[in-house]
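Asker: predicted model follows, preceded by the sequence.
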Amino acid sequence: MAREDEFLEYVQSGGQVETDDWMPDEYRARLRKFIEMHGNSELMGVLPEREWILRAPTLQRKLALTAKVQDEVGHAQLIYRVVEDLGKPREQCLDDLISGKSKFHNVFHYPTKTWGDVGVIAWLVDAAAIISQKALLKCSYAPYARIMKKICWEESFHILHGRDVVLTLMLGTDDQRELVQEALDRWWAPLMQFHGNPIPTDEDPMYVWRIKSQGNDEARQQFLDGYVPQIWELGLTVPDPELRKDEKAGRWLYTEPDWDELKHVVTGHGPKTADRLDLRRRARENSAWVRSVLLAA
Amino acid sequence: MGSLGAARSVIYEVFRQERKGQAFQHAGSIEAPDERFAEWYAREQYGRRGESTALWVVRRDALQPIEDFVDELNRNYHRVDGYPLKEKLKEARERAGTTPPRGS
């Protein structure tokens, strides 16, 4: 117990640990679960966008979207490597993902109805994600923090890509602007749920162990601070009549996100959960021969 | 090697140099069936956008980690803590009746 207290004190004062260092069982278990979910999300996160590669409006957009998908899959590979070093093989991660035993982020359980969704995802979902990921640059587990540098850097390209897609549409016809507004209407609720329910940081085990370096609501506030003004300046409407900044308190006020929906969706009941897991399962089966050939080479 | 499935993936550590003249830093690890694939995976993960001027790709089992630095002979003259100037200076100034020079 004394050793665990010492560890806690060490990470809380900014200390970082490496793979072979001693760590409490609870820390290792939470860390592994968290990082695994991150890996799953990178891997599943390409599926909503993949649907639009063949329907991209120009060759340039098709190439940019393909590059983003390649980036995200690359992130999944790096992250699963970190999970493997914590004791869980990648094959087992993929088994658990496909069987529904492990989770992935809420935003990847929803459909991408139009090209407007592609822009809003790359701009705002990646913006929300980069806020969480930047807070992981200081993660108490150093190997994870190190790969986050590359990941954050690449995510910033995706935001550029998304913003460019959105701006292009906003400079287009009324129908094109409408496409963006409709996509924003669809994505706002999942975006507000993205950073999780507002548990105080001292009750959030992920913060207590300094796996994360900020609380859920802090992340959401940062997202709103950074992006609501950018949404408004384009003439778009955020579909929440309660949304405004309390300048005195320096905090955004908003309608309480639907936490039941978040829970329902991430436990495998989102509108596209079953389809996407099925696609992932088939892709894995169809590529099994490639892995066996490579390993036997 | 030879028989099917006899080989297995090997873990490689990747170190990258951002600019000429800078130190190589550990970037992450990759898993590859052989050195040729390790090279291409490393290029894809850490060189695709021109973010590195060079990479070192090293088999993890070729690294020799050293993590204990026991000072059995108490050779503190190699380190800053072997030179407790602060207290001595304080005492020397008291004896001389002076104050520290400005800016220090």
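Answerer: Perfect, thanks for sending it. Note that this is a predicted model, so its numbers are computed, not measured.
Asker: report the buried residues of the biggest helix by length in chain A.
Answerer: The residue-count maximum for a helix in chain A (DSSP state H) belongs to helix A:142-170. The neighbour-count check on helix A:142-170 (16 or more other Cβ atoms under 10 Å in any protein chain shown) flags A:143-152, A:154-155, A:157-159, A:161-166, A:169-170 as buried. In short, each C-beta sits where N, CA and C put it, glycine included.
Asker: how about the residues of the stretch 151-297 of chain A by chain B?
Answerer: Within the stretch 151-297 of chain A, the residues that sit near chain B (Cβ under 8 Å from any Cβ of the partner chain) are A:153-154, A:157, A:292, A:294-297.
Asker: make TSV out of these and add pLDDT.
Answerer: Output for those, formatted as TSV (pLDDT from 0 to 100):
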residue	pLDDT
A:153	92
A:154	92
A:157	89
A:292	90
A:294	85
A:295	82
A:296	81
A:297	60
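Asker: any idea how far the residue positioned nearest the centre of chain B lies from residue A:160?
Answerer: What sits nearest the mean C-alpha location of chain B, by Cα atoms, centre = their mean, is residue B:25, with 6.8 Å. To residue A:160, residue B:25 is 25 Å away according to Cβ to Cβ, to the nearest Å.
Asker: other SSEs contacting the helix or strand bottoming out on mean pLDDT in chain A?
Answerer: Lowest on mean pLDDT, DSSP states H and E among the helices and strands of chain A sits helix A:288-296, with a mean of 88. If you count contacts as 3 or more Cβ pairs under 8 Å, 6 or more residues apart in numbering or on different chains; DSSP states H and E, helix A:288-296 packs onto no helix or strand.
Asker: please save the CA atoms from that helix in CSV.
Answerer: In CSV, the C-alpha atoms belonging to helix A:288-296 read as follows (Å, rounded to 0.1, in the frame of the first residue of the first chain):
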residue,chain,number,x,y,z
ALA,A,288,-6.2,-12.7,-42.6
TRP,A,289,-4.2,-14.4,-45.5
VAL,A,290,-2.1,-11.2,-45.8
ARG,A,291,-1.0,-11.4,-42.2
SER,A,292,-0.2,-15.1,-42.4
VAL,A,293,1.8,-14.6,-45.6
LEU,A,294,3.8,-11.7,-44.1
LEU,A,295,4.5,-13.6,-40.9
ALA,A,296,5.7,-16.7,-42.8
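Asker: quick one: the strands in chain A?
Answerer: Residue ranges of the strands in chain A, as given by DSSP state E, are A:244-246, A:251-253.
Asker: return the set of buried residues in the first one.
Answerer: Taking 16+ other Cβ under 10 Å as the basis for neighbour counts, the residues of strand A:244-246 that come out buried are residue A:245.
Asker: low-scoring stretches of the stretch 151-297 of chain A, by residue?
Answerer: Applying pLDDT under 70 to the stretch 151-297 of chain A flags the ranges A:297.
Asker: show me where pLDDT drops low in chain B?
Answerer: B:1-7, B:103-104.
Asker: can you show me the strands along it?
Answerer: Counting by DSSP E, the strands of chain B are B:10-17, B:25-32, B:54-59.
Asker: now render the ones you listed as JSON lines, adding distance to residue B:83.
Answerer: Formatted as JSON lines, these follow (distance: least, Cβ to Cβ, whole Å):
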{"stretch": "strand B:10-17", "distance to residue B:83": "34"}
{"stretch": "strand B:25-32", "distance to residue B:83": "31"}
{"stretch": "strand B:54-59", "distance to residue B:83": "36"}
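Asker: quick one: which of the ones you listed is nearest chain A?
Answerer: strand B:25-32 (4.4 Å; Cβ to the nearest Cβ).
Asker: which one among the residues of the stretch 151-297 of chain A next to chain B gets closest to residue B:84?
Answerer: Comparing these against residue B:84 with Cβ to Cβ places residue A:153 closest, at 44.3 Å.
Asker: chain neighbours aside, what residue packs nearest to that closest one?
Answerer: Counting by Cβ to Cβ, 6 or more residues apart in numbering or on different chains, the nearest residue to residue A:153 once its immediate chain neighbours are dropped is residue B:51, at 7.4 Å.
Asker: surely residue A:38 touches residue A:82?
Answerer: No: using Cβ atoms under 8 Å as the test, residue A:38 is too far from residue A:82 to be in contact (9.0 Å).
Asker: list residues touching both of those two?
Answerer: Shared contacts of residue A:38 and residue A:82, defined by Cβ atoms under 8 Å, 6 or more residues apart in numbering or on different chains, are absent.
Asker: ok, now how distant is residue B:19 from residue B:76?
Answerer: From residue B:19 to residue B:76 the distance is 36 Å (Cβ to Cβ).
Asker: who's more crowded, these two?
Answerer: When neighbours are counted by other Cβ atoms under 10 Å in any protein chain shown, residue B:19 and residue B:76 differ, and residue B:76 comes out ahead with 12 against 8.
Asker: how many residues are close by the nearest residue to the more buried one once chain neighbours are set aside?
Answerer: Nearest non-adjacent residue to residue B:76, counting by Cβ to Cβ, 6+ apart: residue B:82, 3.5 Å away. Counted with other Cβ under 10 Å, residues neighbouring residue B:82 total 10.
Asker: what separation is there between residue B:82 and residue B:28?
Answerer: Applying Cβ to Cβ, the value for residue B:82 to residue B:28 is 38 Å.
Asker: circling back: residue A:221 is nearest to which of the strands of chain B?
Answerer: Residue A:221 sits nearest to strand B:25-32 of all the strands of chain B, at 30.7 Å, using Cβ to Cβ.
Asker: skipping adjacent residues, who's closest to residue B:43 in space?
Answerer: Residue B:43 sits nearest to residue B:55 (Cβ to Cβ, 6+ apart), 7.4 Å away.
Asker: ignore the last one, residue A:246
Answerer: Here the residue nearest residue A:246, using Cβ to Cβ, 6+ apart, is residue A:253, at 5.6 Å.
Asker: tell me the contacts of the spatially most central residue of chain A?
Answerer: Most central in chain A under Cα atoms, centre = their mean is residue A:129, positioned 4.5 Å from the mean C-alpha point. With contact set as Cβ under 8 Å, 6+ apart, residue A:129 has these partners: A:105, A:155, A:194.
Asker: go through those residues and name the one nearest chain B.
Answerer: Of all the contacts of residue A:129, chain B sits closest to residue A:155, with 12.8 Å by Cβ to the nearest Cβ.
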